[in-house]
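> structure of the sequence below:
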Amino acid sequence: MPRATPLPHPQHATVRRLHALRAKVGLPGKPGLTARIEFVTLALRHELVREIESYSLWDAGYEGLGGRTLDTCFEMGDADAVAAGVVEHARAHAYEDRARAQIGEDQYARWALEADRQGSLAL
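Residues are numbered from 1 along each chain as shown. Here you go, the predicted model:
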């Protein structure tokens, strides 16, 4: 039987926002892309990736907030745009080191290349 209310979390407001976004990450087009970028940036910025991937937030009462949701952010046909958006956000809000530590140096470098490539196309 699911918990009626989630257990308290030290980053309650952020986890609630992630929980609200979980239903939107699978949407197509711009609304979904915006939700996917926000979901990943929140997870990285607040160092919640491991809790999401391990399903510990789901187990704490945030049903639907698990690794599958994080995977969906990169499986909707716009993974390059998500990666670029995350890197741009991390750069703008000074949490590149935290993001890099959570996803790994090599993966972050690939994402950064995508952000730089997309940025040069906008000029």
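> any idea how far the most centrally placed residue in the chain lies from Met76?
Nearest to the mean C-alpha position of the chain, counting by C-alpha atoms, centre = their mean, stands Val40 at 1.1 Å. Distance of Val40 to Met76, computed by C-beta to C-beta, to the nearest Å: 12 Å. In this view, the C-beta of every residue, glycine as well, is placed from N, C-alpha and C.
> need the contact partners of the helix or strand containing the residue nearest to the centre of the chain.
Assessed by DSSP states H and E, Val40 sits inside helix 29-45. The contact list for helix 29-45 (C-beta atoms under 8 Å, 6 or more residues apart in numbering) reads 14, 17-18, 21-22, 24-27, 48-49, 52, 69-70, 72-74, 76, 78, 81-82, 85-86, 89-90, 93, 95, 98-99, 102-103.
> try 6 Å this time
Residues outside helix 29-45 that contact it (C-beta atoms under 6 Å, 6 or more residues apart in numbering): 14, 18, 21, 24-25, 49, 52, 73, 78, 81-82, 85-86, 89, 95, 99, 102.
> from those, which land in strands?
In strands, judged by DSSP state E, none of these are found.
> which stretches of this protein aren't confidently modelled?
Along the chain, segments meeting pLDDT under 70 span 1-4, 120-123.
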